[in-house]
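K.L.:
Sequence and predicted model, in that order:
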Amino acid sequence: MSIRYQMNKTSMQKLQKELKTRSEALPTLKAKETALRTEVKKAKDKFEELKVQKEKLFNEQAKNYKIWMEYSSVLTIGDVDIELRNIAGVKVPKLKDIDFKVRDHSLFAQRAWIPSGTDALKKMAKAHIELELMEKEMQILYRARKKTTQKVNLYEKVQIPQFREAIGKIKRFLEDEENLSRAGQKIIKAKQEREFQEKMNGEAA
């Protein structure tokens with residue numbers, strides 16, 4: 001990216017304004033980038049933790065696969081309530097509640113382990129949903145961190161140096177113009193003084 005400018009004071013003032021905006025925003029962006037890096041790591045650690053918990057739950061129930069073959073489904077998920085929370089200026093999904101629907105069933109007609117099996121299914125369903133949401137959170141935070149890093153690099157390594165360089169060039173150009181103007185004025189003044197002096201000398205003769 002190259003910035004466009006003209007060799008005049010108006011263009012220089014515009015560049016100075018752009019430079020100030022980016023220079024003031026850079027510390028905030030860097031702080032956000034650091035915060036997001038921390039949050040990405042937290043989300044990744046939490047994801048791994050939930051993954052282990054889910055695998056443990058599923059492995060425990062996998063041992064009872066023969067029993068589960070006899071399980072008549074009394075549990076369904078009515079609704080999953082998800083809220084958006086703000087983490088380092090980024091909105092991420094968080095599980096608020098799960099509306100489980102338990103179908104009416106006779107405790108006498110069903111096997112004795114059905115209630116505990118239903119509770120186990122609730123835990124497994126919750127673990128699965130929490131893991132999916134944590135993966136989503138991790139991806140959102142990672143993209144936000146990447147985008148912020150790109151903006152930091154754009155400001156710090158590209159735009160700010162380019163604005164400073166352009167402002168420096170305009171300043172030197174204007175200074176050279178001013179020096180040339182002053183030199184020209186001195187030459188004109190000296191010429192006028194010389195002509196005046198020659199005129200005076202001619203009249204005196």
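P.N.:
Looks like it arrived, so ask away. Residues are numbered from 1 along each chain as shown.
K.L.:
Outside of stretch 152-169 itself, list whatever touches it.
P.N.:
Stretch 152-169 is contacted by residues 1-3, 5, 7, 12, 15-16, 18-19, 22-23, 25-26, 29-30, 33 when judged by CB atoms under 8 Å, 6 or more residues apart in numbering. Quick note: C-beta positions are derived from backbone N, CA and C, even for glycine.
K.L.:
among these, which ones are buried?
P.N.:
The neighbour-count test (16 or more other CB atoms under 10 Å) marks Y5, M12, L15, E18, L19, R22, L26, L29, E33 as buried among the contacts of stretch 152-169.
K.L.:
Farthest pair within these?
P.N.:
M12 and E33 (30.5 Å; CB to CB).
K.L.:
where in this protein is pLDDT low?
P.N.:
Along the chain, the parts satisfying pLDDT under 70 run over 1, 64-74, 104-114, 181, 183-184, 189-205.
K.L.:
Could you point out the longest helix of it?
P.N.:
When the chain is scanned for its longest helix (criterion: DSSP state H), the result is helix 9-62.
K.L.:
What is that helix packed up against?
P.N.:
helix 114-153, helix 160-204 (3 or more CB pairs under 8 Å, 6 or more residues apart in numbering; DSSP states H and E).
K.L.:
Can you add distance to K42 and give the ones you listed back as a markdown table?
P.N.:
Formatted as a markdown table, these follow (distance: least, CB to CB, whole Å):
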| stretch | distance to K42 |
| --- | --- |
| helix 114-153 | 9 |
| helix 160-204 | 31 |
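K.L.:
most neighbours per residue, which of these?
P.N.:
helix 114-153 (a mean of 17; mean count of other CB atoms under 10 Å).
K.L.:
Next, the angle helix 9-62 makes with it.
P.N.:
Going by axes from the mean of the first three to the mean of the last three CA atoms, to 10 degrees, helix 114-153 is angled at 160 degrees with respect to helix 9-62.
K.L.:
Many thanks, have a good one.
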